[in-house]
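Chemist: give me a 3D structure for the following:
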Amino acid sequence: MGVGPGLGAACGLGWTALAFGAGYPMVVGICGPLRAWPGARLWDLVLAVNPPGALIAGNGVMIAAMMAPLLSSPLRHVHERSFSNRRLRAMTLFGVGYGAAWLIALVALDVIVLGLVAAATRPVSIVLVAAAALTWQASPAKQTFLNGCHRRPALAAFGLAADRDALQFGLTHGAWCVGSCWALMALPLVCSAGHLVAMALVSLLLSAERLDDPSRPSWRLRGPSRIMRMVQAWLGPTLAGIPAQRLK
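Modeler: From the prediction side, this is the model:
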């Protein structure tokens, strides 16, 4: 299976699992347990609601659904720079490194969001997370991390060096991706109602902004203009075929 079909299958399976209720982060709908255990430490509450295995599996589903569309270019880089007898191994090592970076980040986000929900009402938590996401989305630091997501390092072709480079590329690319996406990824975690819709909208925005070329870090809002161009590209041929009088 090639890079595109493989990522498409992973993404489709992830969204299917989410649609049937699998993989939802444990902070969704957790207000009841928080009130029941007002003195509980956040990490203890995290493990009480989701055992480690379920926590890893749930966040893994979320990564597969939302991040697979972002990996076509870096995985193709690994594919094209690996000999045929090493490609699957190299791509797997890249995926392991990338997934590890995001699993660590999502567990940290789960705990942070849980802390917000414990300290305030969920509507207030949503407002705070949305404000943080909007600020980060417009910041120069966001562009710095986005630029990092476009880096394609040289990869060794043989032996342990090739394995090391593939794994390291996955880890570093995952770290750049986490830095770019963390604020937007926190939004679905804090939304108890419309959680799946929030994930889909965030996923669309992340995919859209990744299509832009690297640019100089500055303060500007990123993503919406690219989404509008994508929608225009999708709808353009359809609208062009509709008679003018039907559009009035």
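
Chemist: who are the contact partners of Gln143?
Modeler: Residues in contact with Gln143 (CB atoms under 8 Å, 6 or more residues apart in numbering) are Ser215, Arg216, Pro217, Ser218, Arg222. For every residue, glycine as well, the C-beta is placed using N, CA and C.

Chemist: wait, Trp182 sits on Asp110?
Modeler: No: between Trp182 and Asp110 there is no contact under CB atoms under 8 Å: 11.9 Å.

Chemist: the more surrounded of those two?
Modeler: Asp110 (25 against 20; other CB atoms under 10 Å).

Chemist: quick one: the more buried one from Ala186, how far?
Modeler: To Ala186, Asp110 is 9 Å away according to CB to CB, to the nearest Å.

Chemist: also Leu221?
Modeler: 18 Å.

Chemist: likewise for Val117?
Modeler: 12 Å.

Chemist: for those two, indicate the residue with more neighbours.
Modeler: Shown here are Val117 and Ala186; by other CB under 10 Å, Ala186 has more neighbours (25 against 22).

Chemist: go ahead and confirm the more buried one touches Ala130.
Modeler: No: taking contacts as CB under 8 Å, Ala186 lies outside contact range of Ala130: 9.2 Å.

Chemist: all helices of the protein, in order?
Modeler: Applying DSSP state H to the chain gives helices spanning 3-19, 31-36, 42-49, 52-67, 72-80, 87-119, 122-138, 140-149, 159-190, 195-209, 224-240, 244-247.

Chemist: any chance of the ones you listed in a markdown table, plus mean pLDDT?
Modeler: Below are these laid out as a markdown table (pLDDT from 0 to 100):
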| stretch | mean pLDDT |
| --- | --- |
| helix 3-19 | 92 |
| helix 31-36 | 50 |
| helix 42-49 | 65 |
| helix 52-67 | 88 |
| helix 72-80 | 97 |
| helix 87-119 | 91 |
| helix 122-138 | 93 |
| helix 140-149 | 97 |
| helix 159-190 | 96 |
| helix 195-209 | 92 |
| helix 224-240 | 61 |
| helix 244-247 | 48 |
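
Chemist: pick the most deeply packed of those helices.
Modeler: Counting by mean count of other CB atoms under 10 Å, helix 159-190 has the highest mean neighbour count of the helices of the chain, with a mean of 21.

Chemist: packing partners of that helix?
Modeler: When contacts are defined as 3 or more CB pairs under 8 Å, 6 or more residues apart in numbering; DSSP states H and E, helix 159-190 sits against helix 72-80, helix 87-119, helix 122-138, helix 140-149, helix 195-209.

Chemist: looking at the ones you listed, which is closest to Gly8?
Modeler: Nearest to Gly8 among the helices and strands packed on helix 159-190 is helix 72-80 (9.4 Å), distances taken as CB to CB.

Chemist: and the closest one, how far out from the chain middle?
Modeler: 18 Å (CA atoms, centre = their mean, to the nearest Å).

Chemist: output it as CSV, nothing but the C-alphas.
Modeler: This file holds the C-alpha atoms of helix 72-80, laid out as CSV (Å, rounded to 0.1, in the frame of the first residue of the first chain):
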residue,chain,number,x,y,z
SER,A,72,1.7,12.8,3.3
SER,A,73,4.7,15.0,2.5
PRO,A,74,7.1,13.9,5.3
LEU,A,75,6.2,10.2,4.8
ARG,A,76,6.8,10.6,1.1
HIS,A,77,10.2,12.1,1.9
VAL,A,78,11.0,8.9,3.9
HIS,A,79,9.7,6.7,1.2
GLU,A,80,11.7,8.3,-1.6
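
Chemist: what angle sits between it and helix 3-19?
Modeler: 140 degrees (axes from the mean of the first three to the mean of the last three CA atoms, to 10 degrees).

Chemist: now helix 72-80 and helix 87-119, what's the angle there?
Modeler: 150 degrees.

Chemist: mind giving me the packing neighbours of helix 72-80?
Modeler: helix 3-19, helix 87-119, helix 159-190.

Chemist: so which of the contacts of Gln143 wins on neighbours?
Modeler: Busiest of the contacts of Gln143 [other CB under 10 Å] is Arg222, holding 19 neighbours.
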